[in-house]
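**Q** Give me a model of this one.
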Amino acid sequence: MKKLLYIGWIGFNNLGDELLWHIFRDKCKEYLNEDQIEIIPSVPGTDMKNVEQYDAVILGGGSLLLPGYLQILQNALHKGKSVMIWGSGIDWIEKKNLDLLMNDQLLSMEQNFKQKDIEVLDEVIEKALFVGVRGPLTKKAIEIMLGSEKANKIQIIGDPGLLLEEPDPNKLQAKEKLIGINWGTTFNRLYGGNESLVEKQLVEAAKKLIESGYKIMIYSVWGDDRPHCDRLFEKINVPESVILDKNLYTEQQLIEKLSKCTATINFKLHANYLSFAANVPAIALGYRFKIFDNAASLGLEQLVVSTDSQQLTKEILERIEIIENSGEEILEQYQSSKKKYQPLLESLFTKNFLA
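**A** Residues are numbered from 1 along each chain as shown. All right, here's what the predicted structure looks like:
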């Protein structure tokens, strides 16, 4: 029996990372012979440095193109193991460098990758069987480090969250004049460096939306986020117009809950995918590089509001207006991206890389 190690940030009750693992697991069941393959997820306690017992190592979805994880992949290659990268992305690039990168003016990635890290990345990209990254900004950053020729091997395959199963139409709820707000914390590690200011402006936006006739539903995708959702509810202070849902749902349960919304405003990355899977346009709070990388992959950059904006309230309300006027076109754009990336994401399974 072939043993595969799936590396993800899993086992921490974070729905976004858990759903990426669930998608990988389910696609393996769909395409591969369960009698011949055993998949081991990198839950806490898994010894990822000792790869001797595995036949292949897969770096899964999430912002995992980091020196530590790349060293695990390099170690696996040195042990003669197969290595694959499936929908991973880069993160933690400063806002000023993001702006430079987007304008093709960034010359170095040295703030994130030292020379020794670049050498590891170079070897991993060269020798991996499959290299599929989340978005175009991740690929651009790698091109800066390795050069465009070496980066030619890299495919942009989208985020595995695109493979979320859409729910049974019979389980979808009737649309309401309701805005879902996903809130939480990044422990102040966000663009602008001021989570409390973002929260203050989000409160103002919610109040204005309530004044215009909307109701609000606050929800979380990570247990640690719930106290922050409590505080947001208290600060909005219009309990008759705000639902505070503190439950942690499975991905399918949350998709069904969100289906009644007109739109969502999301702090965490994969809350956007859950929203779109529910056929609900999503506004992304651009708190780190990964949000912009993701939006660029979907062609939905106009729905991102950077958390360093001094006019965040105004920009959120402008995005709501865009959704009110062009919601169907936004959903069509998402479905077009899904149609483009789905075969690329599934090629890891359909083209026998794992067999």
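**Q** Look up phi and psi at the nearest residue to residue 55 once chain neighbours are set aside.
**A** The shortest distance from residue 55 to any non-neighbouring residue, by C-beta to C-beta, 6 or more residues apart in numbering, is to residue 2 (4.7 Å). The way it works is simple: take the backbone N, C-alpha and C, and place the C-beta from them, glycine included. Main-chain torsions, residue 2, degrees, to the nearest 10: phi -80, psi 130.
**Q** who's in contact with residue 2?
**A** Applying C-beta atoms under 8 Å, 6 or more residues apart in numbering, we find residue 2 in contact with 36-38, 55-56, 354-355.
**Q** Lowest-confidence one in the residues you listed?
**A** Ranked by pLDDT, those bottom out at residue 355, which has 79.
**Q** about what we covered before: any of the contacts of residue 2 buried? List them.
**A** 37, 55-56, 354 (16 or more other C-beta atoms under 10 Å).
**Q** Tell me how many other residues crowd residue 148.
**A** 11 (other C-beta atoms under 10 Å).
**Q** Equivalent analysis for residue 287, please.
**A** 24.
**Q** Would you mind confirming that it is in contact with residue 269?
**A** No - between residue 287 and residue 269 there is no contact under C-beta atoms under 8 Å: 9.1 Å.
**Q** If you drop the residues flanking it in sequence, what lies closest to residue 74?
**A** Nearest residue to residue 74, sequence neighbours excluded (C-beta to C-beta, 6+ apart): residue 120, at 5.0 Å.
**Q** got the buried residues for the top helix by length along the chain?
**A** Counting residues, the longest helix found in the chain (DSSP state H) is helix 312-350. Residues of helix 312-350 classed as buried by neighbour count (16+ other C-beta under 10 Å): 312-313, 315-317, 319-320, 322-323, 330, 333-334, 337-338, 340-341, 345-349.
**Q** tell me how far stretch 304-320 is from the chain's mean position?
**A** Distance, stretch centre to chain centre, for stretch 304-320: 20 Å (C-alpha atoms, centre = their mean, to the nearest Å).
**Q** contact partners of that stretch?
**A** So stretch 304-320 is in contact with 95, 179, 190-193, 198, 201-202, 204-205, 208-209, 263, 265, 283-287, 291-292, 295, 302-303, going by C-beta under 8 Å, 6+ apart.
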